[in-house]
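> Next one to model:
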Amino acid sequence: NPKAKYIYLSQEKKVIDSARLDDHNKFAFELDSIKEGLYVFNHGPEFQYLYLQPTDSVLMYLNTWDFDESLIFSGKGSAKNNFLINLYLQQEKTEKSFKGHYKLGEQEFSDLIDAGLQKQLDLYDIFVKDLENPPSPQFDKLAKTGIYFPFYFMKEYYPYNHMWMMKSKEFPELSDEFYAYREQLDLNDSDLIDYETYFVYIRTYLYHLAHKKKYLDPNDNNVELNFMTEVNSKITVPRLKDRLLATSAWRSLSNEYMTPEQHLAVQSYFFEHCENEQIKSDLRLSLNQKEKLKSGQKLPELIVLDSRGKEVKVNQVTQDNNTVIYFWPNDLMQIEIVNEKLDKLQKKYPDVKFIGIERTKEHEEWTAFLETKKLSAENQFKISKDSECYSWFEGDMARSIIVNKEGNVLNSYLFFTDKYFDMHLADLKKR
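Sure, this is the predicted structure:
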């Protein structure tokens, strides 16, 4: 059940190879040389990890309708990959089962964490004993990160979820022992920075510290700035540091609850400490665009082209409708993610009009794209690079704008792929 024509293989956030599905929905990657480590393969909006060593020859089977659960590896190098996917699925179940446990006291919660962790470690010991040769030190480190860090993640969330479940405004006092594991952690391991489990834990830990400052001192309430200062003080690997700083900068961009002074403080800190010039350039462009179109303003007259090349005023299409205007990215994997999310949102919010705008494709390529993705041309448009407003919206971000029935912009810069996007649409229905 393919969802796209290609499979992509990436390492360190860069696509290193692609393979087209044949008539039997099969594909192959033949790599002349590889270094041991973690790779990512993508198909449409789905992705999963693949751990490879130079002599591996791995076969995989999957059904895209049940992507992770159906994934099975065989061949040389398959055992470690089957272990990783089963670990991932088990951790998903564990995290769901813990949702009701955050109301427990510190000791009871810790005991459950310790029991769950020991169970995973026992399974890993059995896996290692069944191998013909012991796992490499690099794989052993990755596997143990995948075992330990999801449990650490839940401990970082504990005080906030505990407060919420107990309907308390008091930050719980926890013993030093509760977070004793932090002393053993390496937050700057270059081998792990592309492993999402590792990255998500570090981000969660640093946001924990940032939010804690706010709870302990209500005047210290710029959470994004607090987060950035924690990043700057604790993270030394440039690529990881820049990614974390960028995460905070992009989050603040769509945060309508921050004051202008807080936004300015975050931006100043970001540009002073981020070393990646491309990330900085992308953010400058977005900041300029957000300045041109602010929340609370009327949507300006935006002229686009329909699939027949006829000029259309977006304002007339959005009239009397709660509307999401979203812009298609160029990245193939991002396109698949947007397309799948669009289908879900349209079904969930039938009273909201979704308008897609293309920024870069030529007319014939764009109309072919609409046909391939089975998109209704009625709500798909293209903005010309000659348009007076083009500079307001150019770029490759999956940006969106939320407009209410009165034609007022409620959020001028929100990422369509944002995991909290639903919250904005639910809020839109209340207004």
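> counting contacts, what elements does the helix or strand Ile7 falls within pack onto?
In the assignment (DSSP states H and E), Ile7 maps to strand 6-11. With contacts taken as 3 or more C-beta pairs under 8 Å, 6 or more residues apart in numbering; DSSP states H and E, strand 6-11 sits against strand 14-20, strand 37-43, helix 332-348. Backbone N, C-alpha and C define where each C-beta goes, glycine included.
> Just after the second one, pick out the following helix or strand.
Reading on from strand 37-43 to the C-terminus, the next helix or strand found by DSSP H and E is strand 46-52.
> Give the pairing partners of that following strand; include direction for each.
strand 37-43 (antiparallel) (DSSP bridges).
> of all the helices and strands packed on strand 6-11, which lies closest to Ile202?
Among these, strand 37-43 comes nearest to Ile202, with 16.0 Å by C-beta to C-beta.
> Let's see the closest one as CSV, backbone CA atoms only.
Output of strand 37-43 as CSV, limited to C-alpha atoms (Å, rounded to 0.1, in the frame of the first residue of the first chain):
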residue,chain,number,x,y,z
GLY,A,37,25.4,4.3,12.7
LEU,A,38,21.8,5.4,12.7
TYR,A,39,20.0,6.1,9.4
VAL,A,40,16.4,7.2,8.7
PHE,A,41,14.2,5.9,5.9
ASN,A,42,11.1,7.8,4.9
HIS,A,43,8.1,6.9,2.9
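> now the angle between strand 6-11 and it, please.
160 degrees (axes from the mean of the first three to the mean of the last three C-alpha atoms, to 10 degrees).
> average pLDDT for the strand holding Ile7?
On average, the pLDDT along strand 6-11 is 74.
> Can you list the strands that that strand pairs with?
Partners of strand 6-11 in its sheet, by DSSP bridges: strand 14-20 (antiparallel), strand 37-43 (antiparallel).
> report the angle between the axes of the last one and helix 332-348?
With the same axes, to 10 degrees defining the directions, strand 37-43 sits at 50 degrees from helix 332-348.
> Please apply the same query to the first one.
For strand 14-20 against helix 332-348, the angle between stretch directions is 70 degrees (the same axes, to 10 degrees).
> quick one: buried residues of strand 14-20?
Across strand 14-20, burial judged by 16 or more other C-beta atoms under 10 Å covers Ala19.
> Using CSV, write out every CA atom in it.
What follows is strand 14-20, C-alpha atoms only, in CSV (Å, rounded to 0.1, in the frame of the first residue of the first chain):
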residue,chain,number,x,y,z
LYS,A,14,20.6,14.8,4.9
VAL,A,15,19.1,12.6,2.1
ILE,A,16,21.9,10.4,0.9
ASP,A,17,19.9,8.2,-1.5
SER,A,18,16.5,7.5,-2.9
ALA,A,19,14.8,4.5,-4.5
ARG,A,20,11.7,4.4,-6.7
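> What are the buried residues along stretch 109-119?
109-110, 112-113, 116-117.
> among the residues you listed, which two are most distant?
Between all members of the buried residues of stretch 109-119, the farthest pair (by C-beta to C-beta) comes out as Phe109 and Leu117, at 12.5 Å.
> Show me where the stretch 251-400 of the chain dips below the pLDDT cut-off.
332-333 (pLDDT under 70).
> where exactly do the strands run in it?
303-305, 311-313, 322-327, 352-358, 380-382, 399-403 (DSSP state E, counting those that start in this stretch).
> of all those, which lies closest to Lys167?
Comparing these by C-beta to C-beta, strand 399-403 comes nearest, at 30.6 Å.
> Neighbouring strands - and their directions - for that closest one?
Strand 399-403 sits in its sheet next to strand 322-327 (antiparallel), strand 409-415 (antiparallel), going by DSSP bridges.
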